[in-house]
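Engineer: Predicted model, plus sequence, below.
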Amino acid sequence: MAGARPQEPLTPAAYEAVCEETLESLCSYLEELLEVASAQPGVDVELSSGVLTVKLGEAGTYVINKQSPNKQIWLSSPVSGPKRYDFVDDGWVYRHDQQRLHELLSLELSRLLGTSVDLTSCAHAGR
């Protein structure tokens with residue numbers, strides 16, 4: 001994956017569809033996961049107007065949102081901070097280290113929740 005470059009630019013309609021599928025897929029997975037894996041107070045998952053908010057109580061809050069002007073998805077993580085993802089090879093890639101959004105979230109959430117989390121089966125996790 002070294003040197004991955006964005007493919008042909010997504011049309012605005014294609015970008016919106018890919019973002020919607022990505023965020024809805026992550027939301028569904030995380031709702032089910034947190035229902036089972038965490039009984040702590042302040043845990044919640046919400047998707048509204050292109051913004052996915054994952055509250056993990058004292059562990060912090062993740063915000064994953066679309067950035068239509070840039071055709072990116074932006075992440076705010078309580079663990080690794082802010083990152084901006086480009087759509088490459090059917091997945092969201094952080095161009096500075098080539099790590100995919102779904103991989104980073106799987107690693108961080110596994111640590112925070114103390115259980116195995118694998119988001120790579122969600123929509124647009126990449127090849």
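Structural biologist: Now that the structure is in, tell me what you want to look at. Residues are numbered from 1 along each chain as shown.
Engineer: Break down this protein into its helices, ranges please.
Structural biologist: Using DSSP state H, the helices of the chain run over residues 12-37, 101-113.
Engineer: between the first one and helix 101-113, how many degrees?
Structural biologist: To tie it back to what came earlier, the one meant is helix 12-37. Between helix 12-37 and helix 101-113, the angle comes out at 20 degrees (axes from the mean of the first three to the mean of the last three CA atoms, to 10 degrees).
Engineer: any weak-confidence spans in this structure?
Structural biologist: Along the chain, segments meeting pLDDT under 70 span 1-7, 37-39.
Engineer: what about 80?
Structural biologist: Residues of the chain meeting the criterion pLDDT under 80: 1-8, 36-41, 127.
Engineer: and Cys122, backbone torsions?
Structural biologist: Main-chain dihedrals, Cys122, degrees, to the nearest 10: phi -70, psi 160.
Engineer: picking up where we left off before, please identify the deepest-packed of the helices of the chain.
Structural biologist: The highest mean neighbour count among the helices of the chain, using mean count of other CB atoms under 10 Å, belongs to helix 101-113: a mean of 19. C-beta: built from backbone N, CA, C; applies to glycine.
Engineer: Check the offset of that helix from the chain's centre.
Structural biologist: Relative to its parent chain, helix 101-113 has a centroid offset of 10 Å by CA atoms, centre = their mean, to the nearest Å.
Engineer: okay, it in CSV with CA atoms only?
Structural biologist: Extracted C-alpha coordinates of helix 101-113, given in CSV (Å, rounded to 0.1, in the frame of the first residue of the first chain):
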residue,chain,number,x,y,z
LEU,A,101,-9.6,4.3,9.0
HIS,A,102,-11.2,0.9,9.8
GLU,A,103,-7.8,-0.6,10.9
LEU,A,104,-7.1,2.3,13.2
LEU,A,105,-10.5,2.2,14.8
SER,A,106,-10.3,-1.6,15.2
LEU,A,107,-7.0,-1.3,17.1
GLU,A,108,-8.0,1.6,19.3
LEU,A,109,-11.5,0.3,20.2
SER,A,110,-10.1,-3.2,20.9
ARG,A,111,-7.7,-1.6,23.5
LEU,A,112,-10.3,0.8,25.0
LEU,A,113,-13.1,-1.9,25.3
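Engineer: Can you give the contact residues for that helix?
Structural biologist: 26, 30, 33, 37-38, 56, 59, 62, 64, 73, 75, 77, 79-80, 83, 85, 91-94, 116-120, 122, 125-126 (CB atoms under 8 Å, 6 or more residues apart in numbering).
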